[in-house]
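> would you be able to build a 3D model of this:
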Amino acid sequence: MADVELVKKMLRAVLQANKSGVSLSRLQSEYKELTGEQIPHKQMGHNHLDALLASMPTLVRIERNRSGETMCFASGSNETAHLAKVVARQRSSKKTGRPHLVNTQMRVKPAAPLVLNGKILDHHFGAFASINTSTQLLSLASNSLYEYRIGKALDLMGLQLQYSSGNNPVSQTAHSTCNLIDFPFYQPPLENTHLALPYYRSPLNLNESPGSGKGKPYNPQQVQGRIREILGKYSNGFWVSKLPQIYRELYKQDLPTESIKDLETWTHICTVEKTCSSNPSELLLYPAKEQTSPPSSSSSPSPPSSPATLSPDLKLKLEELLVKYSNGLWAHALPKLFQDTYKTKLPGHVLENLHLLSDICTIDYPMPDNPKRAILYRRSSTGVGEGEDENCNRRNSSISEEELMVRQELGRRLSNHAVPSLQIPKEEYPSVLVVEATNTNAVILRYIGEGYSQAQESMEDEMREFYGLDQSSPCPLSSLSSGQLVAVRAEEEEEILRAQVCEVMADKVKVYYVDHGFSEVISKTKVFELHEKFFQLPFQATKCKLAGLGPFCQEPAVLKKFETMASGRILLAEILERGQTPLVVLYDTSQDDDVNINAACMKALQDKTLASPLQVNSAYMNVTVSSVCSDGTVYCQLPSRGLAKLNEILENIETYFHSQVTSEFLVSRPFCGKGCLARYKGKWSRVEITNLHGSRVLDILFIDVGVQASVEVFELREIPPPFLRDLMAIPPQAVKCCLADLAVSVGSWTPDAVQWLREKVLNTTDCSMKVAKVDETKRCIYIHLFTDKSFHDPARSLNHQMAQSDLFKQRPDVFLTSHRFLLLLYLPVLFPHCLHSVKKSHVHMTVFFFSGNNIDVYVSVACHPGHFVLQPWRDMYKLVVLMGEMILYYNKTEQKPLNIEKNQIYAAKVENNWHRVLVKGVLTNGLVSVYELDYGKHELVSCTQLRPLIKEFRQLPFQGITAQLAGLKPRQWSEEASIVFRNHVEKKPLVAQLEAVQEAANPWDRKLTVFLVDTSQEERDIWVHDIMAEFADDAQNVKIN
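Residues are numbered from 1 along each chain as shown. This is a model prediction of the structure:
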């Protein structure tokens, strides 16, 4: 029987987090994300979910929006569902039925801890790009703080923001002015937003000890490269005494003092000269003197590359590669990439002398203890803060000359006002209403939200009033011309809409509704002059391009699929490229799993006759088992026309690549659902990108063998155009299968069973199988599998052998309950002595905290004011790089038996990511309770998902820091107070002022007492403890009464 009160509490938490209402399907999915289970309406005596909700009037209010969809609101909330209104008000000339309201919140994906989409033109954010969908910044995408805090993160990392003092008292503090240079991705909504306390210091890096860089070992190669860059800017020289200040301003790091002593020995980098002054500390620093050589009587070709220089041709090729990887390229990837692209070896001295590349790229060392792990970022030829047209939101008043002329032409007869151009939303994942598409390169849509659909509704309400039916209303226009902007009374509804005249006929006129994206023929009596005050809002109907569908933009099958899945729906748009026509990937998030619309449209090109033919009770020979997954799923290849054609095309592609010397086929813009090529057992094979971890590491699926892998982006290749159409027509040749008639279901297999099956089938070339059942819903085939051709004898099947063995026997679960999330909540109770001694000799970190410092932080977990987890912004990009490296390392290593010990540190795979964890307890059923040291979360994982944490991944201090809110007395916080606190701080970047530090032997045992301040509002800073104090006062008053 379900715990009714617990279900009510969880429902209340979901409803209160969605003040604007939540659809019935989305309520179910969000409840599952919170608890790990569906809403148990049947266990509570109701056949349907809406019946359960109707029985809880004090908890939930149910309404139907204008499109007929059921919406749920927290009782007592009078707010309406804006998205439902948008759909209901959308007009369509197609009359294909009511449009659909689709969940417009991207599910938080566990793949990427910190992911930004959109090119950021500074190398420190090379670690941030692309989908997915990250566990942290994805949640910021719908937050008004999103753009502002990205800028703050950059500032803390020493990038493009500079601070200057300010004296504007606001609330309990004083602001400082944030001076910006042109930054195409970041647009702060406010001018004065950063918190500055009376004695503001540079934000403290919690992972550095005081005086870091002074007398400590340093990376000479990194410092030399940076000094070379400085001297490139100050070629006439400067005082050595000024070098620390310049270094700090440019790189937001202190210059190691030991490096100043080494300057005189770096003759290949700089020249140090003493002045005539008697003061020996007054030294001048100049660029290194050029080596002179005796003049030659005859001209000679340019010298070949040597350790002292690189040939222009070599530099050009390297720069061409860096252009392809605008988010950065690991230096260790250069040799193979150079060999594959240009069919020649990269000179060996290049990697040993990366400073030779400093004029074409910036070199970063995210792992200071490993100088060989460098990231190269191409220098922008347009200067810092400038670049390609990535985000037109920075150009609020800079409409292109051509576009301005068009706008003026449209309104030339009526007004001198030009309609401003529509700015792309700042969010990474804006909600959009898809209108229609006759070409996937020009999909008509509307953006949803404040400043877009909401502003349009307000304007149309005002227009309805202005163009009312009373005698004072404007009269219809007597003279019309093509291109004119007008106000139109819609044919079927009493709506007044903005439109552009397309064609003038005898008594009718064809108009295009500029805010709704479709055309209509109407009577001239319904056309009015458009008043100048309605020129202020940009036209809301705009266009986008669907990523990956360019070559098939007008393919009937693709357009038909898109019409079925997307037209008239509100979807989520992932913006890959910002420009006049943005490049996007669309997602339908209304189902249990997100549906990639772009990928689904590509699948419409598949020729079903080339798929593997499968029928129940049919037997198949010459079957190849290509993969056995850890959950027991088996992927098989069957002989078919499609497989024969696929092998032929891939062989031709191998030959084609060998004949091409170009970087054209490097994948520079990866996204989820993209189809491309990668090496499998030394040959090119088809893959689909399934997940992105930052900008350089991604997960792929070899769709023809069913093998999953994690690779770096430079290992991928685009499908050459001559083979693209034929290759897309072939369905995936890996058939997903499950072994039938086993007592253990898929997902519950023991490691022994998986290993036994792999040894039996993976090296066997003559398997056979018999189909027992086809499950269309799960897209899985249930089979009996044989290692020979004896499919007529069930007793010889591997299914029978496994069922008769002890491979699936395991001890019962003594801890798990029906509510998995309850176990996670009470793990500290189950394992009270978990956070204690660890072998410190394996962990290299020293963290110091000082009261009074201000730190920009991200709150990754918030239980209540007495317990939450902070992450310092300053080193977050290093964590992203580290986790990418862990994915590559551990996904390629074989699982080995591991003796798991309590209170020790390991690497653990949680969902799709590898995390640094502390083992808190080992359960008897093979599960292990772990604490994520970088994120502060408790998880249960299988013991098979743990690996030793190697030394290389122990260098970065753990990023999760436990804290409690200052300014409040310790108390037992109510559920309502905890929810309010979480809504204010969790998954948000804030400013923390350190009040006190509770020291402990281990870093994860330390606890900070901090004030949390939200500085996103222009008028005032929000001190979170003031909000929570009201709850404390209310609780006190209740006790008194």
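
> quick check: longest helix of the chain.
Longest among the helix segments of the chain by residue count, using DSSP state H, is helix 641-659.

> pull out the buried positions in that helix.
Of the residues in helix 641-659, 642, 643, 645, 646, 649, 650, 653, 657 count as buried by neighbour count, 16 or more other C-beta atoms under 10 Å. All C-beta spots, glycine's among them, are computed from the backbone N, C-alpha and C.

> got a pLDDT number for the first one?
Reading off the confidence values, residue 642 has pLDDT 92.

> gap between it and residue 704?
Distance from residue 642 to residue 704, counting by C-beta to C-beta, to the nearest Å: 9 Å.

> which neighbours do those two share?
Shared contacts of residue 642 and residue 704, defined by C-beta atoms under 8 Å, 6 or more residues apart in numbering, comprise residue 733.

> that older thread, please save the CA atoms from the helix or strand following the longest helix of the chain in PDB.
Next along the chain after helix 641-659, taking DSSP states H and E as the criterion, comes strand 675-680. Extracted in PDB, the C-alpha atoms of strand 675-680 (Å, rounded to 0.1, in the frame of the first residue of the first chain):
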ATOM      1  CA  GLY A 675      24.900  10.600 -37.600                       C
ATOM      2  CA  CYS A 676      28.600  10.300 -38.600                       C
ATOM      3  CA  LEU A 677      31.500   7.900 -38.800                       C
ATOM      4  CA  ALA A 678      34.000   6.500 -36.200                       C
ATOM      5  CA  ARG A 679      36.600   3.800 -36.200                       C
ATOM      6  CA  TYR A 680      35.500   0.300 -35.000                       C
END
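
> what's next to strand 675-680, contact-wise?
Against strand 675-680 from outside (C-beta under 8 Å, 6+ apart): 548, 602, 653, 667, 670, 684-689, 700, 702-703, 705, 707, 709, 711, 715-719, 728.

> chain neighbours aside, what residue packs nearest to residue 29?
Nearest-residue entry for residue 29: residue 592, 6.4 Å, with adjacent residues in sequence omitted and distances by C-beta to C-beta, 6 or more residues apart in numbering.

> if residue 527 is in a bridge, with which residues?
Beta-bridge partners recorded for residue 527 (DSSP bridges): residue 488.

> for it, give me its contacts.
476, 477, 480, 486, 487, 488, 499, 501, 509, 511.

> confidence score at it?
Here the pLDDT value assigned to residue 527 is 90.

> same thing with residue 784?
Reading off the model, residue 784 has pLDDT 92.

> ok, it touching residue 795?
No - taking contacts as C-beta atoms under 8 Å, residue 784 lies outside contact range of residue 795: 10.4 Å.

> ok, those two, which is more surrounded?
residue 784 (21 against 9; other C-beta atoms under 10 Å).

> what about that one, helix or strand, and which?
Following DSSP H and E, one finds residue 784 within strand 780-786.

> so how far is that strand from its chain's centroid?
Relative to the chain's own centre, strand 780-786 is displaced by 37 Å; criterion: C-alpha atoms, centre = their mean, to the nearest Å.

> what comes up buried for that strand?
Within strand 780-786, the residues that qualify as buried are 780, 781, 782, 783, 784, 785, 786, counting by 16+ other C-beta under 10 Å.

> any idea how far residue 612 is from the third one?
What it means is residue 782. 15 Å.

> run through the stretch 251-400 of the chain and note the low-pLDDT ranges.
Low-confidence segments of the stretch 251-400 of the chain (pLDDT under 70): 275-282, 290-308, 368-372, 380-400.

> next one: the stretch 51-200 of the chain
In the prediction, the stretch 51-200 of the chain carries residues with pLDDT under 70 at positions 66-69, 76-200.

> the same query, at a cut-off of 50, please.
When residues are selected by pLDDT under 50, those of the stretch 51-200 of the chain lie in 77-81, 84-85, 88, 91-200.

> just the CA trace of stretch 620-634, in PDB.
Once non-C-alpha atoms are left out, stretch 620-634 reads as follows in PDB (Å, rounded to 0.1, in the frame of the first residue of the first chain):
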ATOM      1  CA  TYR A 620      17.900 -17.700 -38.700                       C
ATOM      2  CA  MET A 621      21.500 -19.000 -39.300                       C
ATOM      3  CA  ASN A 622      24.800 -17.300 -39.800                       C
ATOM      4  CA  VAL A 623      24.000 -14.900 -37.000                       C
ATOM      5  CA  THR A 624      26.800 -12.700 -35.600                       C
ATOM      6  CA  VAL A 625      26.400 -11.600 -32.000                       C
ATOM      7  CA  SER A 626      28.100  -8.200 -32.100                       C
ATOM      8  CA  SER A 627      27.600  -7.100 -28.500                       C
ATOM      9  CA  VAL A 628      26.500  -8.300 -25.100                       C
ATOM     10  CA  CYS A 629      25.500  -5.400 -22.800                       C
ATOM     11  CA  SER A 630      26.000  -5.500 -19.000                       C
ATOM     12  CA  ASP A 631      22.200  -5.600 -18.500                       C
ATOM     13  CA  GLY A 632      21.800  -8.800 -20.600                       C
ATOM     14  CA  THR A 633      20.700  -7.200 -23.900                       C
ATOM     15  CA  VAL A 634      22.200  -8.800 -26.900                       C
END
